[in-house]
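J.: Curious how this folds, go ahead:
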Amino acid sequence: MQYVSALGLPLPWLSDTKRQDAWHRWDVTWRDVIVTDERNRRVAVFNLTDHDLDFPEEYAALRDLLLDAAGER
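T.: As a prediction, this is how the structure comes out:
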């Protein structure tokens, strides 16, 4: 797993391999944000092409998905 930095904090970045085949196994497309629960089970998918975060309502929708998955709301 690779890490990228956002606001000085490390974020995990999935780097798929033929052996793992995560894109196929998780049925993801380009720019999908996969929201998981504490057991790493998918609870939501939010595609950044379909939902432009420049729009406040789209940003809020993703934020709410993440907060719900984390049990913060």
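J.: which non-adjacent residue is nearest the one residue sitting closest to the centre of the chain?
T.: Residue closest to the mean C-alpha point of the chain, counted by C-alpha atoms, centre = their mean, is residue 33 at 2.7 Å. Excluding its sequence neighbours, the residue lying closest to residue 33 (C-beta to C-beta, 6 or more residues apart in numbering) is residue 46, at 4.5 Å. (Each C-beta comes from the backbone N, C-alpha and C, glycine too.)
J.: Counting neighbours, what do you get for the one you found?
T.: 17 (other C-beta atoms under 10 Å).
J.: That one should be in a strand, yeah?
T.: Yes - counting by DSSP: H, G, I helix; E, B strand; the rest coil, residue 46 is part of a strand.
J.: Tell me the confidence at it?
T.: In this model, residue 46 is scored at 96, pLDDT.
J.: swap in the one 5 residues further on?
T.: pLDDT, residue 51: 97.
J.: All further residue positions should be reported with the first residue as 782.
T.: Sure thing, new numbering starts at 782, so read that last one as residue 832.
J.: ranges for the strands of the protein?
T.: Along the chain, counting by DSSP state E, strands occupy 783-787, 790-794, 813-817, 823-828.
J.: ranking the ones you listed by mean pLDDT, which is last?
T.: Among the strands of the chain, strand 783-787 scores lowest, with a mean of 53.
J.: now the farthest one out in this structure, which residue is it?
T.: Most distant from the centre of the chain: residue 800, at 21.4 Å, with distances by C-alpha atoms, centre = their mean.
J.: Please report the distance of that one from residue 807.
T.: 15 Å (C-beta to C-beta, to the nearest Å).
J.: Likewise for residue 814?
T.: From residue 814 to residue 807 the distance is 12 Å (C-beta to C-beta).
J.: cool, residue 829 as well?
T.: 16 Å.
J.: tell me what the helix ranked longest in the chain is packed against?
T.: Criterion DSSP state H: the longest helix present in the chain is helix 837-850. Judged by 3 or more C-beta pairs under 8 Å, 6 or more residues apart in numbering; DSSP states H and E, the packing partners of helix 837-850 are strand 813-817, strand 823-828.
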